[in-house]
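make a model of this:
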Amino acid sequence: MQSLWSRAAGQAHLCGCRGCQQVTSAMTRPSTGRAIRRKVRFGEVFTAFYSSIMATAAVVDAKFKDDRRQELNRQIEEVRADLDRLGRTAQSALPDPTLVPPSGDILNRYPACLEQDYRQQRGRGIAEFFDSLGEASTWRRTLPRSAEMDTWWKSSGLPEAEAILSTRKQETDFDALERALQLEESDTSIAHRLPKTMHHLLRRRRDVHGLVTQLLKAAELTHLVGRKEIRELMRESAQSEGDDPDLQQRLWDVWRRREMQESDPLRRSVRWMQTEFYPRYPATVLNVERSRIVQATSELNESIRAIFASDPPRASTNLEEDFRQRVVKICYNLLVAPLPPTIHTYSTILLGLDRMGQHAAANRVLVYMVYISIFEPTQQSVVGLFNHYKVSGNMERFGQLIRRCTALDDKPLKIRRKSFVHIDGHTQLTRWARTKDVALHSSGDVYERLWFSNGLINTIIDGLLWYDCLGQAVRTVAFCWGMGIQVLSQSLMQLMDQCVEALDEDAAFAVLAAFFRNPEHIWPGLTDKERREFRARLQRLMDLCGIDASAAELLAQDRGTSTPEEESAARQTRQRAYRVLRIKRGTDVAKSVIEDAQAAIDAFAAFEEEELGRAWMERTSQPASSAHPPTEDEDTIPGYTEVADLENEGGFTGPLQAASGTRLSSAFGS
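All right, here's what the predicted structure looks like:
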């Protein structure tokens with residue numbers, strides 16, 4: 001429309017006046033809404049051309065890039081395979097890193113945690129294996145060798161008979177345990193559970209005060225001898241006119257104890273600090289650095305070791321008085337210490353008391369260390385616990401401690417425990433449960449299992465050998481060899497000697513099978529002397545099992561100056577001797593089983609007679625109207641109904657089980 005008006009205005013006659021000029025200009029003015037044709041610029045043409053060229057080039061170059069990517073991936077895989085092969089080669093020459101616990105071996109609340117090692121241990125199934133050992137009451141123990149069996153050994157003609165008869169169990173190396181404990185004390189990366197609030201500090205004070213009280217009770221120093229006790233003894237002595245030597249000895253001991261207690265300032269100081277509820281830790285302990293804690297613990301532990309290592313004081317005339325003097329000094333150091341003790345202090349006291357043979361006092365320390373305190377156990381502290389149960393002869397607690405380490409027991413070790421409800425939805429706790437070796441209890445709590453280091457596993461093996469649990473020890477050693485865990489040479493030699501001494505063909509065959517399946521885990525770690533001893537013991541096991549082969553040939557070693565015919569004849573002679581000894585050993589075991597069964601029968605008969613007599617007395621004392629009318633069967637056996645009721649209700653809990661349960665289970669291996 002605008003174009004028509006413009007054309008008409010251009011052809012119209014104009015007079016040139018102002019009015020006509022305005023009308024025509026308005027008619028010919030272009031509309032503002034009309035689209036103006038824009039010229040194409042050079043930059044736009046270049047951009048379109050460049051985009052088309054690049055797209056075409058990308059399509060053309062795609063094939064070459066894909067080929068190049070595949071080639072690089074192939075080279076990366078080759079390099080990765082070479083690195084893995086080199087790593088396995090280097091790993092075979094070095095100790096297994098999974099046997100070395102991470103720094104500090106607590107692995108819970110500080111950055112030194114090596115989660116990769118924990119995943120590797122969990123994949124090994126170490127905790128599951130120890131769970132499979134079962135309770136200690138089910139372990140089969142080797143019967144002791146009789147004097148008649150010793151005579152048969154001496155007359156067997158075996159060259160190793162004297163060595164077998166002189167075999168002794170491996171004693172505990174307290175010096176090695178003390179050195180390992182000192183090395184662990186110096187580790188500053190261990191995150192001890194230090195008091196963080198005043199409530200924690202007061203609890204730590206209460207624990208130390210209770211430990212001191214228990215130590216004084218063990219040493220019979222909880223109270224001073226009073227004058228009243230002396231007067232009563234003197235009155236009794238006067239009434240007996242001095243004719244009772246036991247009473248005179250008691251009076252003399254009381255006078256002597258009274259004199260020593262009054263003259264010893266250290267005992268008076270300990271008594272006074274106990275009444276004043278020492279120790280008194282300042283509030284500044286809550287802000288002490290970890291290095292200061294380690295230093296204070298080391299100083300306190302060194303003083304305790306010096307007390308145990310010192311010579312008996314002159315005032316002590318017997319072992320009991322010497323023990324009392326040492327306990328007083330230890331209690332004094334605990335009460336005046338500027339900082340709370342750590343679990344290393346408890347372990348030091350436990351180790352020193354076990355070395356002295358004071359197992360009852362050591363057990364009091366163990367109760368505070370494991371059950372009452374909130375200390376997190378370290379590797380050496382758990383080794384000390386196993387050693388205590390070993391030297392004190394408590395096999396039940398030894399087996400229970402294994403179950404506590406694997407969190408199979410109802411009261412696992414205090415490493416870490418979280419409720420499953422708290423873990424669900426919590427990122428860090430979920431990561432902890434997925435990373436660490438944990439166990440879920442029926443109560444809904446998740447417990448972290450203990451790290452099983454090489455030293456801890458060897459300690460368990462030594463304990464099993466100490467208790468003559470040969471079957472469990474052989475299974476543990478075979479498992480360690482299969483997993484590549486190094487077994488100490490002393491424990492290995494002890495195991496092989498006990499297999500020959502017990503004439504246990506099954507255990508010997510299991511050791512041989514485990515060795516020949518994994519020789520690379522045993523042979524390289526032995527010295528030349530240990531290899532010679534191991535070869536001799538290996539030959540004994542083969543002779544015991546009736547295997548007609550030479551250990552030197554199997555191990556590719558020099559057989560010596562004898563010919564193959566001579567070696568074969570000697571092996572046959574030894575095998576015949578072992579066969580005779582096995583028959584004699586089987587006879588002794590059968591005789592022992594028969595004796596145990598006879599003892600069980602006698603105990604049952606005595607128990608049944610006692611129950612029948614009690615039931616008859618109860619029956620005869622009842623009124624005649626309320627008595628049960630007898631039948632033909634019951635008339636001959638008085639009290640039959642009552643005894644039958646006890647049997648049906650499971651009421652037989654008398655001497656039968658107590659007398660024969662353990663021995664029968666150990667004899668039959670059930």
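
domain ranges for the protein, per the record?
Listed by automatic domain parsing, the domain ranges of the chain are 54-94, 193-375, 600-668.

mind listing the helices for the stretch 251-400 of the chain?
Applying DSSP state H, counting those that start in this stretch to the stretch 251-400 of the chain gives helices spanning 265-275, 290-309, 319-336, 343-356, 359-367, 379-391, 395-405.

do the stretch 551-670 of the chain as well
With DSSP H, counting those that start in this stretch as the criterion, the stretch 551-670 of the chain has helices at 551-554, 564-621, 632-636, 640-648, 655-668.

what would the helices of the stretch 251-400 of the chain look like in TSV with distance to Thr138 and mean neighbour count?
For every residue, glycine as well, the C-beta is placed using N, CA and C. Below are the helices of the stretch 251-400 of the chain laid out as TSV (distance: least, C-beta to C-beta, whole Å; neighbours: other C-beta atoms under 10 Å):
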stretch	distance to Thr138	mean neighbour count
helix 265-275	45	15
helix 290-309	37	16
helix 319-336	37	20
helix 343-356	27	24
helix 359-367	24	19
helix 379-391	17	23
helix 395-405	9	21
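
give the burial count for His199, as a bare number.
9 (other C-beta atoms under 10 Å).

and it, how close does it get to Ser442?
Using C-beta to C-beta, to the nearest Å, His199 is found at 31 Å from Ser442.

lowest average pLDDT across the domains of the chain?
Lowest mean pLDDT within those: domain 600-668, a mean of 50.

what residues sit buried inside stretch 586-603?
The neighbour-count check on stretch 586-603 (16 or more other C-beta atoms under 10 Å) flags Asp588, Val589, Ser592, Val593, Asp596, Ala599, Ala600, Ala603 as buried.

then stretch 409-424?
By neighbour count on 16+ other C-beta under 10 Å, the buried set for stretch 409-424 is Asp409, Pro412, Leu413, Lys414, Ile415, Arg416, Lys418, Ile423.

and those residues, which two are the farthest apart?
Put simply, by C-beta to C-beta the two of these set farthest apart are Asp409 and Ile423, 21.1 Å from each other.

so for this protein, the centremost residue is which one?
In the chain, the residue lying closest to the centroid (C-alpha atoms, centre = their mean) is Cys405, at 4.1 Å.

could you list every helix and strand in contact with the strand or helix carrying Asp462?
Taking DSSP states H and E as the definition, one finds Asp462 inside helix 454-466. Identification of packing neighbours for helix 454-466 by 3 or more C-beta pairs under 8 Å, 6 or more residues apart in numbering; DSSP states H and E yields helix 379-391, helix 470-483, helix 489-502.

so Arg74 versus Val580, what's the distance?
Distance, Arg74 to Val580, using C-beta to C-beta: 67 Å.

next one: Asp246
For Asp246, the distance to Val580 equals 56 Å [C-beta to C-beta].

looking at the two, which one has more neighbours?
Val580 (12 against 8).

I figured the more buried one hits Ser156, correct?
Yes. The criterion here is C-beta atoms under 8 Å, and Val580 meets it with Ser156 at 7.1 Å.

can you report how many residues neighbour the residue nearest to the residue nearest to the centre of the chain when sequence neighbours are not counted?
Nearest non-adjacent residue to Cys405, counting by C-beta to C-beta, 6 or more residues apart in numbering: Leu450, 4.2 Å away. By the criterion of other C-beta under 10 Å, Leu450 has 25 neighbours.

can you tell me how far Trp153 is from Met198?
Trp153 is 67 Å from Met198, by C-beta to C-beta.

whoops, I mixed them up, Val336
Distance from Val336 to Met198, by C-beta to C-beta: 21 Å.

and Leu581, by the same measure?
Distance of Leu581 to Met198, computed by C-beta to C-beta: 69 Å.

neighbour count for these two, which is higher?
Neighbours were counted for Leu581 and for Met198 using other C-beta under 10 Å; Leu581 has more, 20 against 10.

which residues are in contact with the more buried one?
By C-beta atoms under 8 Å, 6 or more residues apart in numbering, the residues touching Leu581 are Trp152, Trp153, Ser156, Leu503.

tell me which element the second one falls in.
Here Trp153 sits within helix 147-154, counting by DSSP H and E.

report the angle between that helix and helix 489-502.
Put simply, helix 147-154 runs at 100 degrees to helix 489-502, going by axes from the mean of the first three to the mean of the last three C-alpha atoms, to 10 degrees.

what's in contact with helix 147-154?
Contact with helix 147-154 is made by Ala161, Ile164, Leu165, Val580, Leu581, Lys584, Arg585, Asp588, as judged by C-beta under 8 Å, 6+ apart.

now swap in stretch 393-403 and tell me
Surrounding stretch 393-403, the residues in contact under the criterion C-beta under 8 Å, 6+ apart are 130-131, 133, 135-137, 139, 382, 385-386, 389-390, 409, 460, 463, 467, 469.

and stretch 468-484, by the same measure?
Contacts to stretch 468-484, defined as C-beta under 8 Å, 6+ apart, come from residues 96, 124, 126, 129, 133, 139-142, 395, 457, 460-461, 464-465, 485-487, 491-492, 495, 498-499, 502, 504, 506-507, 510-511, 513-515, 517-518, 521-522, 669.
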